[in-house]
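J.: next comes the sequence, and after it the predicted model I'd like to discuss.
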Amino acid sequence: MNERPVILGIVGDSAAGKTTLTKGIAQVLGAENVTIICTDDYHRYDRAQRAEKGISALHPDCNYLDIIEQHLALLRAGQAILKPIYNHSTGKFDPPEYIEPRQYVIVEGLLGYTTPEMRDSYDVKVYLAPPESLRATWKTKRDTRKRGYSEEQVLEQLRKREPDSEAFIRPQRRWADAVVIFYPPDTDLDESNLLLNANLILRPTIPHPDLTTILSSEGNHLGSAIRLELDRDMGKPVDVLKIDGHATLEQVRELEKLLCKEVPYLGQFCSLEGNQELGKLTGTTGETLQSYPLALTQLLITYHMLKASSS
């Protein structure tokens, strides 16, 4: 195993699902083995100052990118940092926190791939890209229930932030090793989280597991629910693993077995029977749900983290 931590980056726009995915992966790996860093904590201005200056939190000038670079370098070297804390409830800054890197470090946020120095610090880079209409629904629900905004305020914020999203957030997609797209099976955005499909775009920037043995065009015995296709993303050829929200447990376990076979010590994390935390999320009414597309997404990312730790 590496002496230094393995660092995973998860980047995406506001309410793209970064925190949900981060927490799920941390649960799979064991919270005692994971340090989580949110780059929102590196905002240069608090909420009132941003309003006064007319700048959004998505703009690089509103964030201490140089300190993010320094802290990523320190974490990669296994050293502790004194991390700032931005409080989303109050819109102000809390006292900084002394953070030591554990075996795995997950860095999630808006601008994590902005500079070459940041990008070079990660072992695995993931970008979340849900359809904008779905992200708007998620953001409205989150900000009205947890951050005290009205629906009108959230929609106005989305409108004002759109130029910065287009200029600074979405272009980071090009640097990701994997792009994760959760989306409803049709145009009904009120579908249960259990029914969301997933497209996992796998770029050849890191070695992905060989899925052709069970997902080849000839004799794919998993059926149409889980399939591997060739496509292009941002003009470059990619593999796309498509997982239907209605995939059965048997189909999911077949793919799971392949991943565990390629990385033997992944078995302690990946069994859907042995690890009931895989794919778990909280529904809109507080009930616990299990999403197989989410479970396989967590498993694939865990696969890459364990691969990096053994290299």
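T.: That came through fine.
J.: which parts of the protein belong to which domain?
T.: The chain breaks down into these domains under automatic domain parsing: 1-128, 177-311.
J.: those: which one's closest to Gly148?
T.: Gly148 lies closest, by CB to CB, to one member of the domains of the chain: domain 1-128, at 7.5 Å. Placement of C-beta: from N, CA and C, glycine included.
J.: quick one: the closest one to chain centroid distance?
T.: Distance, stretch centre to chain centre, for domain 1-128: 12 Å (CA atoms, centre = their mean, to the nearest Å).
J.: and that domain, what's its mean pLDDT?
T.: Mean pLDDT, computed over domain 1-128, is 95.
J.: cool, stretch 260-273 as well?
T.: What stretch 260-273 shows for mean pLDDT is 62.
J.: just say which of the domains of the chain is most tucked in.
T.: domain 1-128 (a mean of 18; mean count of other CB atoms under 10 Å).
J.: ranges for the helices of the stretch 101-250 of the chain?
T.: In the stretch 101-250 of the chain, the helices defined using DSSP state H, counting those that start in this stretch lie at 116-119, 132-146, 151-164, 212-215, 249-262.
J.: nearest to His43, of these?
T.: Closest among those, using CB to CB: helix 151-164, at 13.4 Å.
J.: who does the closest one touch, helix- and strand-wise?
T.: helix 132-146 (3 or more CB pairs under 8 Å, 6 or more residues apart in numbering; DSSP states H and E).
J.: CSV for the helices of the stretch 101-250 of the chain, including distance to Val28?
T.: Listed next are these as CSV, based on distance: least, CB to CB, whole Å:
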stretch, distance to Val28
helix 116-119, 25
helix 132-146, 22
helix 151-164, 31
helix 212-215, 22
helix 249-262, 12
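J.: mean pLDDT for the ones you listed: which is lowest?
T.: Comparing mean pLDDT across these, the lowest value falls on helix 212-215: a mean of 68.
J.: name the nearest residue to Leu29, sequence neighbours excluded.
T.: In this structure, Leu29 finds its nearest non-sequential neighbour in Tyr104, 5.6 Å apart by CB to CB, 6 or more residues apart in numbering.
J.: give the contact list for that neighbour.
T.: Tyr104 makes contacts with Pro5, Val6, Ile7, Leu8, Leu29, Asn33, Val34, Thr35, Met305, Ser309, as judged by CB atoms under 8 Å, 6 or more residues apart in numbering.
J.: just to revisit the earlier point, can you redo the domains of the chain as CSV with distance to Glu162?
T.: CSV is the format used below for the domains of the chain (distance: least, CB to CB, whole Å):
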stretch, distance to Glu162
domain 1-128, 10
domain 177-311, 18
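J.: which one, of those domains, ends up nearest to Tyr149?
T.: domain 1-128 (10.8 Å).
J.: so Ala77 makes contact with Ile7?
T.: No - applying CB atoms under 8 Å as the test, Ala77 and Ile7 come out as separate, 10.9 Å apart.
J.: flag the shaky bits of the stretch 201-311 of the chain, pLDDT-wise.
T.: Low-confidence segments of the stretch 201-311 of the chain (pLDDT under 70): 213-223, 262-277, 282-287.
J.: any idea how far the closest residue in space to Asp164 that isn't next to it in sequence is from Arg170?
T.: Among residues not flanking Asp164 along the chain, Leu58 sits closest, at 3.9 Å (CB to CB, 6+ apart). Per CB to CB, to the nearest Å, Leu58 is found 10 Å from Arg170.
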